[in-house]
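**Student:** Everything below, folded, please.
(chains A and B)
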Amino acid sequence: MGRLRVAIVGAGIVGCAIARELSRYENLDVVVIEREPDVGWGATKANTGIVHPGHEEDPDQHPLRARLCVEGNRLWREWARELDIPIKFPGELMLFFSEEERKRAQRFVELAKRNGVPEVRIVDGEELRVLEPAASPRAIGAVWAPTAGVVNPIQAAIAMIENAVDNGARLLVETEVKRVRVESGKVVGVETSRGFIEADIVINAAGINADEISASAGIDTFRIWPRKGQYVVFDRLAQPKPTRVLHTVPTPITKGVYAVTTTEGNLMIGPTAEDLPPDRKRDTSTTREGVEYVLREGSKLLERIPPRRLVIKTFAGLRPEPTTRDFVVEAYQKPWGLINAAGTRSPGLTAAPAIAKLVAKLIAEELGVELVEKRGWRRFRRGIERVRDAPWPKLVELVKRDPMYGWIICRDEMVSAAEVIEAVKRIQRIGARVTLDGVRFRTWLGMGRCQGSFCRVATAMLLSKVLGVKPFEITLRGKGSEYAVGDVKALWRERLGERRT
Amino acid sequence: MVSAAPERIDVDVLVIGGGPAGLAAAARCAKLGLSTMIVEVGDRLGGIPLQCVHPGFGIHYFGEDLTGTEFIERLIDRVEELGVPYLTRAYVTELIYLDVDRKLARVLAPGRAIEIEAKAIIYAAGARERHVYEINIVGDRPSGIYTAGEAQAMMDLYGLMPGRKVLIVGSGDVGLIMARRFALEGAEVVGVVEIMPWPGGLTRNVVQCLQDFGIPLLLSHAVIAVKGRERVEAAIVAEVDKNLKPVPGTEREIPCDTIVIAAGLVPNTELLERLGVAMDPATAGPRVNELLETSVPGVFAAGNALAINDLVDNVAEQGELAAEGARIFIENSGIPTARWIPVARGKGIRLVVPQLVSGERRVKLLARVSKPFRRACVEIRELGIRTCRPRLMPAEMVSIEISPGSIPRDVEKLTLEVVEHG
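**Tutor:** This next block holds a predicted model:
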């Protein structure tokens, strides 16, 4: 068999991880197809960002989740180092407040043993206070899981796709896959909003829409419904900022709420867990009730919660909840060539690198493709050098190297023009559309306490110059979201024009 | 390999911020014979008045009614004539307190990394705007949501039209002026929503900006949510009760493609906070003494970075006062005084600056009341000094002066309060 054409549907964290993994192989020609203008704009950009240890997954109920979570946690350490992804591993404390909760928490120590998660144990109140002084004094103890991590999920997806493209994969954005075409029991490609794309293997990593993609290929074994999670983010200077990931004990009804200090240094609390009907797969609106719930739960975890006025952002994401409860990562003989990487609810982010490895294994073992390693596969990728993270001597050096590092566009997050320009180059290199959101996610511009009220217009002007387009053609997130409606006299011209005709 | 070294500059006074407070401060410092430097983060000197093409500036300070652009041009000219050096697109990454006579600012500018050592710092970095997340507006986050200052910069600095059908949130002067500004460019302004039962801005502006243009003002209303996918499609507006909570059942949709948030300003204080300066929760700015010195010796604050002012004239005055303070500080290695007497907020007072006085110098206290009062005075209880007005409005600051030597020895604090008289 010669080179195989592989189409990955969806450039979320799962699709990007698969693209990176498959870019290792000489005989695979990988294309990632994404309906949005850029990568990671679904569940990837709006979740808790936790690399779970794997002690909350019941291997009897969902064995794949349990296995891939533990393996993913291990792989993240390697991938984050190779791809320069913002990550940390502070460990997680699941706080309990009563003897009854302690009993329920004990179960997670047992699950940890069964799943092979190292060093998970119960700590008493005193040790808890040493591990996390910001934890609520009402907590009588906790389940301590030292392998828990926190990652910047959208920057992780960006890093993976950059690395994949660097190794020959291609990305097609603003292209919506309508259905998988199957002929005589074999996948032959995908029908998209921009026409038919031939493929020998189609990997379905379409997140919230993965059920529809799968059904279009004849595998109608699961449905996916959206589960909304709302979050609250505080100002970087707001205290307390817990060192560890704090979590309430999950109940049969709720998965519990987390309080984490993000990789960017903000206290973040969430999520809610609201099941939506299947027709609301784009509803990422926040609600007053959701925000209040999150703040109330968060105040249980922490000794105190910062005042409401220090909230700098609220947002919501949709997790893809499968009817199977477990992940659906499998290859089929009929139709040959379809591989599902679906149902990737939590801990989908954690599992993503492990899912990618499993997909490669399915291609080799189930589809019988002998994978040939590329010579000169590039394992490493560097992130954008950031003013905010650089010590002064390093800044002096950066400014000497590139004068634009000295021009700070975003005052809160200390983002320079050099970083913005580098982000634009990188967006173009992977073949995505340049948008204000795309630049924000790569540079963290406008994510601070002023939320872009100073820097957004300056960034739009800079982008218009770099791209050679009018500033009002710059969009927040693609067509229909233009930053402005025209030049300042546009409305008068329209009115006068109407009168003349 | 050659390791890069930062440039090095030594001055008496470093002024952070080249808006009205910083420019007035720098000009006064130069006149007082202090070597001075301004660092401004924007593309040019001037700050926010550069984008204020409406009049109402300088009536007290220059004795003339000027536009914001004219006002700031005069201050820029003054600084240029005095030859005060300045850097633009220059950003202070870090302030370090070395000792009482030396502070170090690490500054980035295009192609430059500079360490500026100064004896005194005047911090005049202005304010930032409260944004959509801070005022509890939920729902979608499409394109078409701007702060008033962002919309103003788009229109009057960069020539961009933000939208066609506009809803303004907040009826302070900024909101009112932006409503008119949009109407003047041919946009349809569907309304100005104000959460309080009274307008936040001056009566003159309510008449000239809304009534003259037939723009509705919705008092005791709040925008609670935004609807729209790519672009704003509507705002969900509700009436609010006495506690400013939305009244269930009063929600309605107002179609619009643009929502402009004019919900007030917050002093820009991140650098001061990182330096460990004591803050006043009432002003959200630093606590200062009568020469506008913060709790860190030799670090002064002026303008909207100190407290939100309603007149640029006061802002410029504060800049000059801070310059005087810097001179006294540098001459004496500190501000000489026998004691600092705190000024407390009494009944009806939302905020007051300065928060500490000595009684040895003439001081002008600036205060803001917490709600409107009719026929009332602002009084310093312990001294019996008062300023009376037929109407006291939160939108208009009240000033009250203390003469040197007028505070008796046994007075340990001063209390500012509103006294109503029948």
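**Student:** Which residue is the nearest non-sequential neighbour of the residue of the stretch 1-150 of chain B at minimum distance from chain A?
**Tutor:** As assessed by C-beta to the nearest C-beta, chain A sits closest to B:Gly111 within the stretch 1-150 of chain B, at 3.3 Å. Using the backbone N, CA and C atoms, a C-beta is placed for each residue, glycine as well. Nearest non-adjacent residue to B:Gly111, counting by C-beta to C-beta, 6 or more residues apart in numbering or on different chains: A:Pro403, 3.3 Å away.
**Student:** What is the neighbour count of that neighbour?
**Tutor:** A:Pro403: 16 surrounding residues under other C-beta atoms under 10 Å in any protein chain shown.
**Student:** residue ranges of the helices in chain A, please?
**Tutor:** Using DSSP state H, the helices of chain A run over A:13-22, A:63-83, A:99-115, A:125-131, A:153-166, A:210-216, A:288-301, A:348-365, A:392-401, A:417-430, A:436-443, A:455-467, A:490-500.
**Student:** contacts for the fourth one?
**Tutor:** In other words, helix A:125-131. With contacts defined as C-beta atoms under 8 Å, 6 or more residues apart in numbering or on different chains, helix A:125-131 is touched by A:Gly91, A:Leu93, A:Leu95, A:Val123, A:Ala135, A:Pro137, A:Ala139, A:Ile140, A:Gly141, A:Ala142, A:Trp144, A:Arg244.
**Student:** Could you do the third one as well?
**Tutor:** Helix A:99-115 has contacts (C-beta under 8 Å, 6+ apart) with A:53-59, A:66-67, A:69-70, A:94, A:96, A:117, A:120-122, A:140-143, A:145, A:249, A:251.
**Student:** how distant is that helix from the center of its chain?
**Tutor:** Centroid displacement of helix A:99-115 relative to its chain, using C-alpha atoms, centre = their mean, to the nearest Å, is 28 Å.
**Student:** what comes up buried for it?
**Tutor:** Judged by neighbour count using 16 or more other C-beta atoms under 10 Å in any protein chain shown, the buried positions of helix A:99-115 are A:Glu101, A:Arg102, A:Arg104, A:Ala105, A:Phe108, A:Val109, A:Leu111, A:Ala112, A:Asn115.
**Student:** Then the last one?
**Tutor:** Buried positions in helix A:490-500, judged by neighbour count with 16+ other C-beta under 10 Å: A:Ala490, A:Leu491.
**Student:** And for the longest one?
**Tutor:** Within helix A:63-83, the residues scored as buried using 16+ other C-beta under 10 Å are A:64-73, A:75-76, A:79-80, A:83.
**Student:** which of those residues sit farthest apart?
**Tutor:** The distance between the two most remote of the buried residues of helix A:63-83 (C-beta to C-beta) is 25.4 Å, for A:Ala66 and A:Leu83.
**Student:** Okay, now the unreliable bits of the stretch 401-501 of chain A?
**Tutor:** A:499-501 (pLDDT under 70).
**Student:** picking that back up, reformat the helices of chain A into TSV and put distance to B:Glu7 next to each item.
**Tutor:** What follows is the helices of chain A, written out as TSV (distance: least, C-beta to C-beta, whole Å):
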stretch	distance to B:Glu7
helix A:13-22	42
helix A:63-83	36
helix A:99-115	55
helix A:125-131	45
helix A:153-166	33
helix A:210-216	56
helix A:288-301	45
helix A:348-365	45
helix A:392-401	9
helix A:417-430	19
helix A:436-443	26
helix A:455-467	25
helix A:490-500	44
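**Student:** out of these, deepest packed?
**Tutor:** Of these, the one with the most neighbours on average (mean count of other C-beta atoms under 10 Å in any protein chain shown) is helix A:13-22, at a mean of 30.
**Student:** CA atoms only: put it into PDB for me.
**Tutor:** What follows is helix A:13-22, C-alpha atoms only, in PDB (Å, rounded to 0.1, in the frame of the first residue of the first chain):
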ATOM      1  CA  ILE A  13      -7.400  19.200  21.200                       C
ATOM      2  CA  VAL A  14      -8.200  15.600  20.100                       C
ATOM      3  CA  GLY A  15      -7.900  16.300  16.400                       C
ATOM      4  CA  CYS A  16      -4.700  18.300  16.900                       C
ATOM      5  CA  ALA A  17      -3.100  15.600  19.000                       C
ATOM      6  CA  ILE A  18      -4.000  13.000  16.400                       C
ATOM      7  CA  ALA A  19      -2.500  15.200  13.700                       C
ATOM      8  CA  ARG A  20       0.700  15.600  15.600                       C
ATOM      9  CA  GLU A  21       1.000  11.900  16.300                       C
ATOM     10  CA  LEU A  22       0.200  10.800  12.700                       C
END
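**Student:** List of residues touching it?
**Tutor:** Applying C-beta under 8 Å, 6+ apart, the external contacts of helix A:13-22 come out as A:6, A:8-9, A:11, A:28, A:30, A:32, A:34, A:39-40, A:44, A:79, A:83, A:153, A:156-158, A:160-161, A:163-164, A:167, A:169, A:171, A:203, A:205-207, A:341, A:344, A:348-349, A:352-353, A:355-357, A:359-360, A:363.
**Student:** ok, now stretch B:316-329?
**Tutor:** In contact with stretch B:316-329 (C-beta under 8 Å, 6+ apart) are residues B:12-13, B:20-26, B:28-29, B:32, B:34, B:61, B:75, B:119-120, B:122, B:124, B:291-293, B:297-298, B:300-303, B:306, B:309, B:335-336.
**Student:** Among the residues you listed, which lie within strands?
**Tutor:** B:Asp12, B:Val13, B:Lys119, B:Ala120, B:Ile122, B:Phe300, B:Ala301 (DSSP state E).
**Student:** Can you give me the end-to-end span of stretch A:328-341?
**Tutor:** 6 Å (C-alpha to C-alpha, to the nearest Å).
**Student:** So for it, what gets flagged as buried?
**Tutor:** For stretch A:328-341, a neighbour-count test (16+ other C-beta under 10 Å) marks A:Val328, A:Val329, A:Glu330, A:Ala331, A:Tyr332, A:Pro335, A:Trp336, A:Gly337, A:Leu338, A:Ile339, A:Asn340, A:Ala341 as buried.
**Student:** State the distance from the last one to A:Thr192.
**Tutor:** Applying C-beta to C-beta, to the nearest Å, one obtains 18 Å for the distance of A:Ala341 from A:Thr192.
**Student:** Output stretch A:372-386 as PDB, nothing but the C-alphas.
**Tutor:** Output of stretch A:372-386 as PDB, limited to C-alpha atoms (Å, rounded to 0.1, in the frame of the first residue of the first chain):
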ATOM      1  CA  VAL A 372       6.600   3.900   8.400                       C
ATOM      2  CA  GLU A 373       8.400   6.400  10.600                       C
ATOM      3  CA  LYS A 374       9.500   9.600   8.900                       C
ATOM      4  CA  ARG A 375      13.200  10.400   8.800                       C
ATOM      5  CA  GLY A 376      13.800  13.800  10.300                       C
ATOM      6  CA  TRP A 377      10.500  14.000  12.100                       C
ATOM      7  CA  ARG A 378      10.600  17.200  14.100                       C
ATOM      8  CA  ARG A 379       9.800  16.400  17.700                       C
ATOM      9  CA  PHE A 380      10.200  19.900  19.100                       C
ATOM     10  CA  ARG A 381       8.300  23.200  18.700                       C
ATOM     11  CA  ARG A 382       9.000  26.500  20.400                       C
ATOM     12  CA  GLY A 383       6.300  28.800  21.800                       C
ATOM     13  CA  ILE A 384       6.200  32.600  21.200                       C
ATOM     14  CA  GLU A 385       8.700  34.300  23.500                       C
ATOM     15  CA  ARG A 386       6.700  36.400  26.000                       C
END
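**Student:** right, quick check: that stretch against chain B, any contact?
**Tutor:** No. Using C-beta under 8 Å from any C-beta of the partner chain, stretch A:372-386 stays clear of chain B, with a minimum separation of 12.3 Å.
**Student:** contacting residues around that stretch?
**Tutor:** With contact meaning C-beta under 8 Å, 6+ apart, stretch A:372-386 is reached by A:23-27, A:82-86, A:155, A:159, A:162-163, A:166-168, A:398, A:414-415, A:419, A:422-423, A:426, A:442-444.
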